[in-house]
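Student: pasted the sequence and its predicted model underneath.
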Amino acid sequence: MNKSEITKLIKIKGQLLMLDKILKFKLNKSITTTLRVKKKSWFYRYHLINRPIMPGVLMEESMFQSAVCLLKMNDNNILSELLLVESSSKFYSEISGNNDLKIMTDLYKKNKNLYYFKSKILIKNFIKCKSEFILLKK
């Protein structure tokens, strides 16, 4: 699935869309997505100007968007009713310059209207960030 198809799926576009492709997915289980960041990416111009790195909240956003893609593929009516209720992230090293991010996200538990995810961002098989988060379907 490409960027325009992802935009149609999760209703996010432009600079706030933090995914480029869906590489693979297993319904109700997992999804692998990608994001290519370039030296000229918009956030490098504004975040830590003397040492431009990708903001952690944008790394988290790419993981959250991956999870929403997975849920949206499972149930097309779910999007407008999702709320992030808890998250915990760990950052292992910065992301700067040109890089291809691989975002791997697993839905490991569902309890009524709560969806529990574990996600990580890798560059060349090195983990840059991990996150656990819960989305609520209202």
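Tutor: Looks like it came in fine.

Student: hey, what's the closest residue to Leu82 other than its chain neighbours bridged with?
Tutor: In space, and not counting its chain neighbours, Leu82 is closest to Leu135: 5.1 Å by C-beta to C-beta, 6 or more residues apart in numbering. Heads up, the C-betas are built off the backbone N, CA and C, glycines and all. On the basis of DSSP bridges, Leu135 is bridged to Leu84, Tyr115.

Student: ok, Leu135 to Lys29 distance?
Tutor: According to C-beta to C-beta, to the nearest Å, Leu135 stands 15 Å off from Lys29.

Student: and those two? Which one has more around it.
Tutor: More neighbours surround Leu135 than the other of Leu135 and Lys29, with 22 against 12 (other C-beta atoms under 10 Å).

Student: hang on, that one packs against Asn111?
Tutor: No - using C-beta atoms under 8 Å, Leu135 makes no contact with Asn111, being 11.6 Å away.

Student: list residues touching both of these two?
Tutor: With contacts taken as C-beta atoms under 8 Å, 6 or more residues apart in numbering, not a single residue reaches both Leu135 and Asn111.

Student: who's in contact with the host helix or strand of Thr33?
Tutor: Assigned by DSSP states H and E, Thr33 belongs to strand 30-37. Identification of contacts with strand 30-37 by C-beta under 8 Å, 6+ apart yields 18-25, 54, 62, 65-67, 69-70, 73, 95, 97-107.
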